[in-house]
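Trainee: Predicted model follows, preceded by the sequence.
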Amino acid sequence: MKPPKNAIQVRVEEVADVAEHIKRFRFAPVDNIELPVFSPGSNITVNMDGDERRIKNQYSLISSPEARDAYEISVLHVDDSRGGSEFMHRAVSPGDTLWINPPNNEFAIYDLAKKHLLIAGGIGITPFMPMTAQLAARDADFELHYAMRSKNRAAYADELREAIPEQLYTYQSSLGQRIQFNELLDDQPLGTHLYVCGPERMIDDVLEIARQAGWPDEDLHWEKFVGPPPGDPFDVTLAESDMEVHVGAEESILEAVEQAGVEPDFGCRGGVCGRCETTVVNVDGDIIHNDEFLTDDERASGEQIMICMSRFKGKDLTLKL
């Protein structure tokens, strides 16, 4: 397969177990140049070339932004993997080379916040590693509440206890411990910003509780790493490329057109950032919008679609690609 557009080739320097079912990967640039600068909360897209297709997954950078000689990520092996976590855990070894896309940040620290309330669930701890380091270096007012299944699944808990002992609160569900979200979100001073990353259901629950408690939307920050929802297969016509592409039941429009050799712009691949927003040339049917970027009016107009997450049912969907 040809190199992805705007990608960087890296060499896998290290693969290490950091918790049960969680591995850390260290990537160094093949040409030994400095890697692009990034801010805490950033992620990279890792391109994984399997036997039949290229998988693109995003992973939070856990390394220090000041270290430009290598990037580090952590990957949880999940049972219902769409292929990415299985590939990383089974097929990637030190010495291998991979292509990565440069850092993208939709989960940045809001510098003017009076206080930062961080909530992590499981592997959702990863973006908070560089974030807490930066907040601690600034002597900022912050708390990190970290929920994990058990001690064996508590990636980086020991490192965090050493680095930020006064700001860290941990909860093990195997011991019956739970974050009391209602109490936690009610007991925060004005000017606090909330950051949450973890399982989708946890994120949705936290955001709903926060909104019901009166938190303004501009003070709420979250990051979801979710795959495109499955659905019935359909075909899409690409007007500028003059081709028809089949979108399978388990893939997104973005993934399907990438497999066909077209490389649209993308950022989060989760329907949040807006970079893959695409103009609809013609539609005869229903666009199923699964993004969090378009407004209700924009969805109703049928003029735009976020191809990383949305699907289609009908006779014809033609896009300006």
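Mentor: Okay, I see it. Numbers count the residues shown, from 1 in each chain.
Trainee: how far does stretch 9-29 stretch from start to finish?
Mentor: In stretch 9-29, first residue to last residue: 6 Å (Cα to Cα, to the nearest Å).
Trainee: now do stretch 47-59
Mentor: 11 Å.
Trainee: hmm, who's touching that stretch?
Mentor: Outside stretch 47-59, the residues within contact range by Cβ atoms under 8 Å, 6 or more residues apart in numbering are 1, 4, 7, 43-46, 73-75, 82-85, 87-88, 91-92, 98-101, 104, 126, 225, 255, 258-259, 268-270. Using the backbone N, CA and C atoms, a C-beta is placed for each residue, glycine as well.
Trainee: Report the buried members of these.
Mentor: 4, 7, 43-46, 73-75, 82-85, 87-88, 92, 98-101, 104, 126, 225, 255, 258-259, 268-270 (16 or more other Cβ atoms under 10 Å).
Trainee: now, which of these lie within strands?
Mentor: Asn43, Ile44, Thr45, Val46, Ile73, Ser74, Val75, Leu98, Trp99, Ile100, Asn101, Asn104 (DSSP state E).
Trainee: Farthest pair within those?
Mentor: The span of these, defined through Cβ to Cβ, is set by Ser74 and Trp99 at 19.2 Å.
Trainee: could you point out the longest helix in the chain?
Mentor: helix 200-212 (DSSP state H).
Trainee: Now do that one, average pLDDT.
Mentor: Across helix 200-212, pLDDT averages out at 96.
Trainee: try stretch 30-39
Mentor: Here the average pLDDT along stretch 30-39 is 94.
Trainee: now stretch 309-321
Mentor: 96.
Trainee: doesn't Glu223 make contact with Cys197?
Mentor: Yes - using Cβ atoms under 8 Å, Cys197 is in contact with Glu223, at 4.6 Å.
Trainee: which residues does Glu106 contact?
Mentor: Gly41, Glu223, Gly267, Cys268, Val272, Cys273.
Trainee: For these, give me JSON lines that also has distance to Phe312.
Mentor: Formatted as JSON lines, those follow (distance: Cβ to Cβ, whole Å):
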{"residue": "Gly41", "distance to Phe312": "32"}
{"residue": "Glu223", "distance to Phe312": "27"}
{"residue": "Gly267", "distance to Phe312": "22"}
{"residue": "Cys268", "distance to Phe312": "21"}
{"residue": "Val272", "distance to Phe312": "20"}
{"residue": "Cys273", "distance to Phe312": "21"}
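Trainee: Please tell me which one of those counts the most neighbours.
Mentor: Cys268 (26 neighbours; other Cβ atoms under 10 Å).
Trainee: Just read off the phi/psi values of that residue.
Mentor: Main-chain dihedrals, Cys268, degrees, to the nearest 10: phi -80, psi -20.
Trainee: Can you tell me the SS state at the nearest residue to it once chain neighbours are set aside?
Mentor: Nearest residue to Cys268, sequence neighbours excluded (Cβ to Cβ, 6 or more residues apart in numbering): Glu106, at 5.2 Å. Put simply, Glu106 is coil when judged by DSSP: H, G, I helix; E, B strand; the rest coil.
Trainee: go on, Leu144?
Mentor: Assignment for Leu144 (three-state DSSP): strand.
Trainee: number of nearby residues for the closest residue in space to it that isn't next to it in sequence?
Mentor: Once flanking residues are discounted, Leu144 sits nearest to Leu118: 4.4 Å by Cβ to Cβ, 6+ apart. Neighbour count of Leu118, defined by other Cβ under 10 Å: 26.
Trainee: strands paired with the strand or helix carrying Leu118, and their directions?
Mentor: Assigned by DSSP states H and E, Leu118 falls within strand 115-121. When pairing is defined by DSSP bridges, strand 115-121 lines up against strand 142-148 (parallel), strand 192-197 (parallel).
Trainee: closest one to Asp158 among the ones you listed?
Mentor: Closest of those to Asp158 is strand 142-148, at 11.7 Å (criterion: Cβ to Cβ).
Trainee: how many degrees apart are that closest one and helix 200-212 in direction?
Mentor: Orientation check (axes from the mean of the first three to the mean of the last three Cα atoms, to 10 degrees): strand 142-148 against helix 200-212 gives 140 degrees.
Trainee: change the start of the numbering to 577 and stick with it
Mentor: In the new numbering, first residue 577, that becomes strand 718-724.
Trainee: Pull the residues that contact strand 718-724.
Mentor: With Cβ under 8 Å, 6+ apart as the criterion, strand 718-724 contacts 691-698, 701, 704, 708, 711-712, 730-731, 733, 736, 740, 743-749, 753-755, 760, 774, 778.
Trainee: Restricted to buried residues, select those in ChimeraX.
Mentor: Applying 16+ other Cβ under 10 Å to the contacts of strand 718-724 leaves a buried subset, and the ChimeraX line that selects it is:
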select :692,693,694,695,696,697,698,701,704,708,711,730,731,733,736,740,743,744,746,748,755,760,774,778
